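In: Here is a sequence with its predicted model. Questions after.
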Amino acid sequence: MKILSSEITPYKTYLNRRKFIKGSLASALLATVSSSAFANHDNNSSIYNKYLNENDKLNSYEEITTYNNFYEFGTHKKHPHLNSGNFKPRPWTIKIDGLVKKPQTFDLEKILSNVTIEDRVYRLRCVEAWSMVIPWQGFQLSELIKMAEPLSSAKYVQFVTVFRPEEMPGQQKRTIIWPYREGLRMDEAMNPLTILATGLYGHEMPNQNGAPIRLVVPWKYGFKSIKSIVEIRFLDTQPETSWETLAPWEYGFYANVNPNVNHPRWSQGTERRIGEFKRRETLMFNGYEKEVAHLYKDLDLTKFY
Amino acid sequence: MFSTRNFNRSKPVLFILILFPSLLWAYQFVTGNLGVNPIEKLMDELGLMALRLIIITLMITTLSNIKPLKSIVVLRRMIGLFAFYYVCLHFSTYIVLDHFLDMKFIIQDIIKRPFITFGFISFLFLIPLASTSTNKMIKRLGFKLWKKIHYLIYPVAILASMHFYVLVRADKTEPVIYMGIIILLLLHRIFKRLTRPQLAQ
């Protein structure tokens, strides 16, 4: 039998991982199986308070669902909210291929019956220097990776968004090369912070936020968190990603939130938290330094931005 | 045939029409009706309005070549000054609301980010235009020198459209349309100059 890459974890990393799952993460973010997963968001937003620190406040459901970058529905922030009404997020399948034991197509319902849906309240930092705090529901990407059984030769994971120009009017124009593609290194994908989200504020994922299933990688700029995923490929080389292909001098593969590495068009030192008047300082790895800094200790972050 | 009087009469109405959006956005901003990211929205609307007005001043000169619209040129100064008004509001939104007078950050931003550099130079070039807009100034400078100064509107328009072009991340259709219009208007001027009958003959 082939050994799964996800099972090969250097012992030190393994220890670190155990340590921080036990520590900050478990208390702060993890592990409440959301029994109130589909409760009314208006009445129950206080249920997320226990995940927040004193510096963060939840953004409202309205803010999160009317101000989006999802070019499949148009390039303005309002477009995804206005143009996503005809999108049909069910039925839904995800194709698993590349370096796996057996390429297969999973029904979304089958995936969901095999995972634990949890609340995850994360900061989201867009490369355009604005940010939000969002209460997601989802499960760790690592759970799906285990189901997919990648080979030990798989070093990267690539994600592909659905291509349906008839339901996604933005795709009728060649704004970017469709379908949208993103990627992670295997250790980034296996990190416990990385989730596949299927809901927010206890609602099924709204179309404009990436229904029915999207990636959330909270320490990277928002464009890494690819929406409406239909395919996951396991590769041994670093995959091409959409924004990097379009403008490699502006967007890198890693795209870690980093106040010290500026984007040519925006300083990344500060950000505007949606709903706040004054800008705030951007935190290294979007404030998840403790959980992820070890992934990049041998990487020159000014070069691999 | 529209007379100078016709156009002069339309001025008060035009004045209110062009002023109105700024008042509306200010009101919407104060009452929290400018959407989820109001500072960004305010800045975008003001900047786009300024660019459109700059293009309209160039168009007016071109339109005045058509005989019946010859007198339209009397509207140009007012619209040009309104362009400056919107650029000033756009710039102060950036300085005051967006960056809270953090001058160190703003200076870095202007130097380091090409799109802000373009916008800033465009703003600087508009200042001599606006400050020499009175009849008195035309007299004092002499028409020839005054006209030379006002050729600055061309780099202003080009830089302003580049400012917008670089800002857009993908789907550059809108800024390309504005750039296209500016280029056509400039080409028309060059063409006119090349085909002008020689006075000496």
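Out: Yep, it's here. Numbering: from 1, shown residues only, chains lettered A, B, ... in the order given.

In: When you work out contacts or count neighbours from here on, use the C-alpha atoms and nothing else.
Out: Fine.

In: and A:Phe106, that one's in a strand?
Out: Yes: applying DSSP: H, G, I helix; E, B strand; the rest coil, one finds A:Phe106 inside a strand.

In: How many residues are close by it?
Out: With neighbours defined by other C-alpha atoms under 10 Å in any protein chain shown, the count for A:Phe106 comes to 17.

In: Tell me if I'm right that it and A:Thr93 touch.
Out: Yes: between A:Phe106 and A:Thr93 there is a contact under C-alpha atoms under 8 Å: 5.5 Å.

In: For A:Asn86, give its distance to A:Thr161.
Out: Distance, A:Asn86 to A:Thr161, by C-alpha to C-alpha, to the nearest Å: 17 Å.

In: More neighbours: those two, which one.
Out: Shown here are A:Asn86 and A:Thr161; by other C-alpha under 10 Å, A:Thr161 has more neighbours (21 against 11).

In: OK, contacts around B:Met49?
Out: Contact analysis of B:Met49 by C-alpha atoms under 8 Å, 6 or more residues apart in numbering or on different chains lists B:83, B:86.

In: What parts of the stretch 101-250 of chain A come near chain B?
Out: For the stretch 101-250 of chain A, the residues in contact with chain B (C-alpha under 8 Å from any C-alpha of the partner chain) are A:174-176.

In: Just the buried ones from those?
Out: Neighbour counting with 16 or more other C-alpha atoms under 10 Å in any protein chain shown marks A:175-176 as buried within these.

In: Reformat the residues of the stretch 101-250 of chain A next to chain B as CSV; add secondary structure.
Out: CSV is the format used below for these (three-state DSSP):
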residue, secondary structure
A:Arg174, coil
A:Thr175, coil
A:Ile176, coil
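
In: Tell me which residue in chain B sits closest to chain A.
Out: Proximity of chain B to chain A (C-alpha to the nearest C-alpha) peaks at B:Asp171, 4.8 Å away.

In: where does that residue fall, helix, sheet strand or coil?
Out: B:Asp171 is classified as coil under three-state DSSP.

In: How about the residues of chain B by chain A?
Out: Counting by C-alpha under 8 Å from any C-alpha, the positions of chain B adjacent to chain A are B:36-37, B:97-100, B:109, B:112-115, B:167, B:170-171.

In: surely A:Leu193 meets A:Lys220?
Out: No: assessed by C-alpha under 8 Å, A:Leu193 is found out of contact with A:Lys220, at 11.1 Å.

In: Who has more neighbours out of these two?
Out: More crowded of A:Leu193 and A:Lys220, by other C-alpha under 10 Å: A:Leu193, with 25 against 21.

In: what's downstream of the helix or strand containing B:Leu14, the next helix or strand?
Out: B:Leu14 belongs to helix B:4-30 when assigned by DSSP states H and E. Downstream of helix B:4-30, the next assigned helix or strand under DSSP H and E is helix B:38-63.

In: Counting neighbours, which bits of that next one end up buried?
Out: Neighbour counts over helix B:38-63 (16+ other C-alpha under 10 Å) mark B:38-40, B:42-43, B:46-63 as buried.

In: Which helix or which strand is home to the closest residue to chain B within the stretch 1-150 of chain A?
Out: In the stretch 1-150 of chain A, the residue that lies nearest chain B is A:Glu63 (5.8 Å; C-alpha to the nearest C-alpha). Element membership for A:Glu63 (DSSP H and E) is helix A:61-66.

In: What lies in contact with that helix?
Out: Under the contact criterion C-alpha under 8 Å, 6+ apart, helix A:61-66 has outside partners A:41, A:77-78, A:80-81, A:132, A:134, A:201, A:206, A:208-209, A:274, B:36.

In: coming back round to it: now rank the residues of chain B next to chain A by neighbours and give me the top one.
Out: B:Phe115 (24 neighbours).

In: Regarding that residue, which helix or strand does it belong to?
Out: helix B:114-131.

In: State the distance from A:Ala211 to B:Ala130.
Out: Distance of A:Ala211 to B:Ala130, computed by C-alpha to C-alpha: 51 Å.

In: Identify the residues contacting the helix or strand encompassing A:Val292?
Out: Using DSSP H and E, A:Val292 falls within helix A:289-292. With C-alpha under 8 Å, 6+ apart as the test, helix A:289-292 has contacts from A:20, A:191, A:193, A:219, A:285.

In: which of those are buried?
Out: Judged by 16+ other C-alpha under 10 Å, buried ones among those: A:191, A:193, A:219, A:285.

In: separation between the first one and chain B?
Out: Here A:Asn191 is placed at a distance of 30 Å from chain B (C-alpha to the nearest C-alpha, to the nearest Å).

In: Same question for the second one.
Out: Plainly put, A:Leu193 is 27 Å away from chain B if you go by C-alpha to the nearest C-alpha.

In: is it true that that residue lies in a helix?
Out: No: judged by three-state DSSP, A:Leu193 forms no part of a helix; its state is coil.

In: Tell me which residue of chain A lies closest to chain B.
Out: As assessed by C-alpha to the nearest C-alpha, chain B sits closest to A:Thr175 within chain A, at 4.8 Å.

In: got a list of what the residue nearest the centre of chain B touches?
Out: By C-alpha atoms, centre = their mean, the mean C-alpha position of chain B lies nearest to B:Ile54, the distance being 2.6 Å. Residues near B:Ile54 by C-alpha under 8 Å, 6+ apart: B:79-80, B:83, B:157.

In: name the helices or strands packed onto the lowest-mean-pLDDT helix or strand in chain B?
Out: Counting by mean pLDDT, DSSP states H and E, chain B has its least confident helix or strand at helix B:103-112, which shows a mean of 91. Applying 3 or more C-alpha pairs under 8 Å, 6 or more residues apart in numbering or on different chains; DSSP states H and E, one finds that helix B:103-112 contacts helix B:114-131.

In: mean confidence score for the helix or strand that the helix holding B:Phe115 is followed by?
Out: Sequence order places helix B:135-141 as the next helix or strand after helix B:114-131, per DSSP H and E. Averaging pLDDT along helix B:135-141 yields 94.

In: Would you tell me what the next helix or strand after helix B:135-141 is?
Out: Remark: after helix B:135-141, the chain's next helix or strand is helix B:143-150, criterion DSSP H and E.

In: Run the chain-centre distance for that next one.
Out: Mean C-alpha position of helix B:143-150 versus that of the full chain (C-alpha atoms, centre = their mean, to the nearest Å) differs by 18 Å.

In: Between helix B:114-131 and it, find me the angle.
Out: Angle, helix B:143-150 to helix B:114-131, by axes from the mean of the first three to the mean of the last three C-alpha atoms, to 10 degrees: 160 degrees.

In: for helix B:143-150, which positions count as buried?
Out: For helix B:143-150, by 16+ other C-alpha under 10 Å, it's B:146, B:150.

In: that older thread, most neighbours out of the contacts of B:Ile54, which is it?
Out: In terms of neighbours by other C-alpha under 10 Å, the contacts of B:Ile54 top out with B:Ala83 at 26 neighbours.

In: helix/strand/coil for it?
Out: helix.

In: May I ask you to name the longest strand in chain A?
Out: strand A:130-140 (DSSP state E).

In: In terms of secondary structure, what does the next helix or strand after it contact?
Out: Next helix or strand after strand A:130-140 toward the C-terminus (DSSP H and E): helix A:141-148. Helix A:141-148 is packed against helix A:186-190, strand A:195-200, with contacts defined by 3+ C-alpha pairs under 8 Å, 6+ apart.

In: What average pLDDT does the last one get?
Out: This means strand A:195-200. What strand A:195-200 shows for mean pLDDT is 97.

In: For it, name the packing helices and strands.
Out: Strand A:195-200 packs on strand A:130-140, helix A:141-148, strand A:214-216, going by 3+ C-alpha pairs under 8 Å, 6+ apart.

In: can you give me how far the second one is from the chain middle?
Out: Computed by C-alpha atoms, centre = their mean, the separation of helix A:141-148 from the middle of its chain amounts to 15 Å.
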